[in-house]
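K.L.:
predicted structure and sequence below. I'll ask about it afterward.
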Amino acid sequence: MLSRYENRAQLALALLIGLLLLGNLFALAFVAFAPGAQNSRAALLLSVSVVTLMVSVPFILLFPRWLLRPFRQLFDEAARAPIAQPPVKARDETEFVLETFQAIVAELRAKANELERLNEQVRARARSAEELNARIIASIPSGLIAFNSQGYATVINDPAAKLLQLEGEAIGKRADELFLIAPELVEMVDACLQRGEIYRREEVTATGVDGRARRLGVTVAPIATQGGDEGRGALCLMTDITEILELREAVARKKNLESLGEMAAGLAHEFKNALATLQGYAQLLQRTDPEGVRNVAITALLEEVRDLSAIVTAFLNFARPRPLTLEEIELRGLLDECREELGRFYEERLIELIFEGAFGRVRADAILMRQALLNILRNAAEAIPDGAAERKVFVRGRYELDQRGNGWNVIEIEDTGPGIPPQNLERIFIPFFTTKRQGHGIGLALAHRVIADHNGTLLAANSNRGGAVFTIRLPALAG
């Protein structure tokens, strides 16, 4: 491109010189072929030549400058170009401009490569940040759901999907579509999105499709997005605190029962002494008049004394449990022993006892644990009324891990009776609480005490089929 400016200047000068030469030749020829007017023609030729030269000289001087003006500007710009390595002085200006242009192009190409490298670094950092955020969200043990300003879910981690029993793609759904089992959360998220309200450590109930209720600890807070207040989103954190609340209630119940036992043990002991004295006098009267009229009344009195003594003995066993003798036992073997002992009891009531699942090993007092299981199984059979169409008791076993990775052997004992009235669920393990005509209300309380002494839990609930479910959780042995 630069050589083109030089060629144009040279061509213009050649044309001008050629025109001048042709003009002179024409004038000479004109004079030569007109001999009759030599003087005038010579003068005219001289005048034309002088005028032509006078006009051509400035034109010849100015025209190349005008013609080369763009090239000069290009040269000046090339000389002022801020390049890192200016070219070595070339033989002429054209080569200098060309080399400068090539240097600029090379530097621009280098800067473009550097810019592309920096852009790739930025993209790599962005990808790394996104991957880190995804790993952080995935590793959070609590459930996490983020909503945008329009109320659509943009982030849902696996614990949240598990807690809410979500199936399929949940991203892009609204709160009322996600919180079907926990409708209280819908109001919290809406209030957070609309008014910016914050909920800290709230407790809500999530009732699953299986009918089991779980308690969730929930925090809902606004998150800023683009657009300030108009772009406010919501962040929902949730944790299953059912086990924590159940353990807390179990500990409180255990403390209350311990206090009750300490206070009542002395009183029960005095009752037992008085009953022994009463029984002794009744037996003495019976011997003095074995066939008299009073014998019937004395016999009835002795039966009542024996029943009352059995109640007091059971209460003393509850209030003052004997020390545990721990050993490794197979739960299935222990349950088979209970099945054998309760065989006639179940047959008389036409009830089928069904075992399902796997039962592991625990470290426990075999005698006390067997008695606790017998009490629960006997209670399950007694809960089925005579006219019930389905007369079954299911014993299901499974192994599960809690949030801390601890293993538990779980036994669920479910009957096909009418279930437990909701107002009685909190009182079912209180000593002497019973709804049966014949019963002392000690069996379930004693079972609860035994399982608690083994660092386990015993919970009562109603199944979605209507019957009662007693869930036993005992620490599992490794292997």
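P.N.:
Sure, I can see it. These figures come from a predicted structure and were not determined experimentally.

K.L.:
could you use CA atoms for every contact and neighbour count after this?
P.N.:
Fine.

K.L.:
show me how the chain divides into domains.
P.N.:
Using automatic domain parsing, the domain ranges for the chain come out as 2-67, 140-240, 245-319, 327-475.

K.L.:
and residue 308, how many neighbours?
P.N.:
Neighbourhood size, residue 308 [other C-alpha atoms under 10 Å]: 16.

K.L.:
tell me who's in contact with residue 223.
P.N.:
Neighbour list for residue 223: 232, 233, 234, 235 [criterion: C-alpha atoms under 8 Å, 6 or more residues apart in numbering].

K.L.:
what lines up beside the helix or strand where it lies in the sheet?
P.N.:
Using DSSP states H and E, residue 223 sits within strand 213-225. Partner strands for strand 213-225, per DSSP bridges, with pairing direction: strand 199-207 (antiparallel), strand 228-240 (antiparallel).

K.L.:
would JSON lines of those with mean neighbour count and distance to residue 441 be doable?
P.N.:
Output for the strands paired with strand 213-225, formatted as JSON lines (neighbours: other C-alpha atoms under 10 Å; distance: least, C-alpha to C-alpha, whole Å):
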{"stretch": "strand 199-207", "mean neighbour count": "16", "distance to residue 441": "30"}
{"stretch": "strand 228-240", "mean neighbour count": "20", "distance to residue 441": "32"}
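
K.L.:
looking at the ones you listed, which one has the lowest mean pLDDT?
P.N.:
Lowest mean pLDDT within the strands paired with strand 213-225: strand 228-240, a mean of 78.

K.L.:
would you turn the strands paired with strand 213-225 into TSV with distance to residue 384?
P.N.:
Shown next, in TSV, are those (distance: least, C-alpha to C-alpha, whole Å):
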stretch	distance to residue 384
strand 199-207	26
strand 228-240	33
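
K.L.:
how about those, which one is nearest residue 300?
P.N.:
Nearest to residue 300 among the strands paired with strand 213-225 is strand 199-207; the distance by C-alpha to C-alpha comes to 51.6 Å.

K.L.:
other residues contacting the closest one?
P.N.:
Identification of contacts with strand 199-207 by C-alpha under 8 Å, 6+ apart yields 164, 181-182, 184-185, 188, 213-221.

K.L.:
just the buried residues of those.
P.N.:
164, 181-182, 185, 188, 213-221 (16 or more other C-alpha atoms under 10 Å).

K.L.:
how about the contacts made by residue 154?
P.N.:
Counted by C-alpha under 8 Å, 6+ apart, residue 154 has contacts 145, 146, 147, 148, 171, 172.

K.L.:
am I right that it is in a strand?
P.N.:
Yes - assigned with DSSP: H, G, I helix; E, B strand; the rest coil, residue 154 falls within a strand.

K.L.:
pull up the gap between it and residue 169, please.
P.N.:
Spatial separation of residue 154 from residue 169 under the definition C-alpha to C-alpha, to the nearest Å is 11 Å.

K.L.:
what's the answer for residue 191, then?
P.N.:
Look at residue 191 and residue 169: by C-alpha to C-alpha, they are 25 Å apart.

K.L.:
what about these two, which has more around it?
P.N.:
Neighbours of residue 191 and residue 169, each counted by other C-alpha under 10 Å, are more numerous for residue 191; the result is 18 against 9.

K.L.:
between strand 213-225 and the one helix or strand the more buried one maps to, find me the angle.
P.N.:
Using DSSP H and E, residue 191 falls within helix 184-195. With axes from the mean of the first three to the mean of the last three C-alpha atoms, to 10 degrees applied, the angle from helix 184-195 to strand 213-225 works out at 20 degrees.

K.L.:
around residue 364, how many other residues sit close by?
P.N.:
Close neighbours of residue 364, defined as other C-alpha under 10 Å, add up to 24.

K.L.:
surely it and residue 454 touch.
P.N.:
Yes - using C-alpha atoms under 8 Å, residue 364 is in contact with residue 454, at 6.6 Å.

K.L.:
what do those two both touch?
P.N.:
With contacts defined as C-alpha under 8 Å, 6+ apart, no residue is adjacent to both residue 364 and residue 454.

K.L.:
so where's the stretch 51-200 of the chain uncertain?
P.N.:
By pLDDT under 70, the weakly predicted segments of the stretch 51-200 of the chain are 51-98, 100, 130, 132-134, 137-139.
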